[in-house]
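J.: got a predicted structure plus its sequence, pasted below:
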Amino acid sequence: MSLERFCRKPLATASPAETALEVAERMRKQHVGCVVVTEGGGRPVGIVTDRDLVTRVLAERRDPAATPVKAAMSPAPVIAKVDERIEEAAMKMRQKGVRRLPIVDPEGTLIGMVSLDDLMVLFTAELGQAVQAVRDNRGP
């Protein structure tokens, strides 16, 4: 199973020059906790979470309206390619210690996002189906 199934939802993105305040407002409006920072035609160059905004802007007493999101983002995000298997993405998350992976097409353009929560829902459903199959196949 590929990551293509996670490329159907609208994405929250920002440019590196946008302010932390603009990005926080976008997060609130779109009900997300993470924004992918892109440039050069949609290539991911960073990722910023609500926690990043708190720890790198607010806790450091920076002005959110004057702080570019580039100062709050984690640069060079770990990414997944759309043709990667879901199991590979899960392993990548574990190895790199991240909870979200921007998904890119073969040209490196952002086309989706997969989160650890997404994978947990998927794996839990598959496990439930496997349990039911075992129950259904019990002998007399």
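T.: Done, it's in.

J.: where do the helices of this structure begin and end?
T.: Assigned by DSSP state H, the helices in the chain fall at 20-30, 50-53, 86-96, 116-136.

J.: I'd like the ones you listed as JSON lines, with mean neighbour count appended.
T.: Placement of C-beta: from N, CA and C, glycine included. Below are the helices of the chain laid out as JSON lines (neighbours: other Cβ atoms under 10 Å):
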{"stretch": "helix 20-30", "mean neighbour count": "17"}
{"stretch": "helix 50-53", "mean neighbour count": "18"}
{"stretch": "helix 86-96", "mean neighbour count": "15"}
{"stretch": "helix 116-136", "mean neighbour count": "11"}
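
J.: could you redo those helices as a markdown table and give each row mean pLDDT and distance to R43?
T.: What follows is the helices of the chain, written out as a markdown table (pLDDT from 0 to 100; distance: least, Cβ to Cβ, whole Å):
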| stretch | mean pLDDT | distance to R43 |
| --- | --- | --- |
| helix 20-30 | 97 | 18 |
| helix 50-53 | 96 | 20 |
| helix 86-96 | 93 | 18 |
| helix 116-136 | 75 | 22 |
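
J.: got TSV for these, with distance to S74 too?
T.: Putting the helices of the chain into TSV (distance: least, Cβ to Cβ, whole Å) gives the following:
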stretch	distance to S74
helix 20-30	13
helix 50-53	7
helix 86-96	11
helix 116-136	16
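
J.: minimum distance to G41: which of those has it?
T.: helix 20-30 (19.8 Å; Cβ to Cβ).

J.: what helices or strands is that closest one leaning on?
T.: The contact analysis (3 or more Cβ pairs under 8 Å, 6 or more residues apart in numbering; DSSP states H and E) places helix 20-30 against strand 13-14, strand 34-39, helix 50-53.
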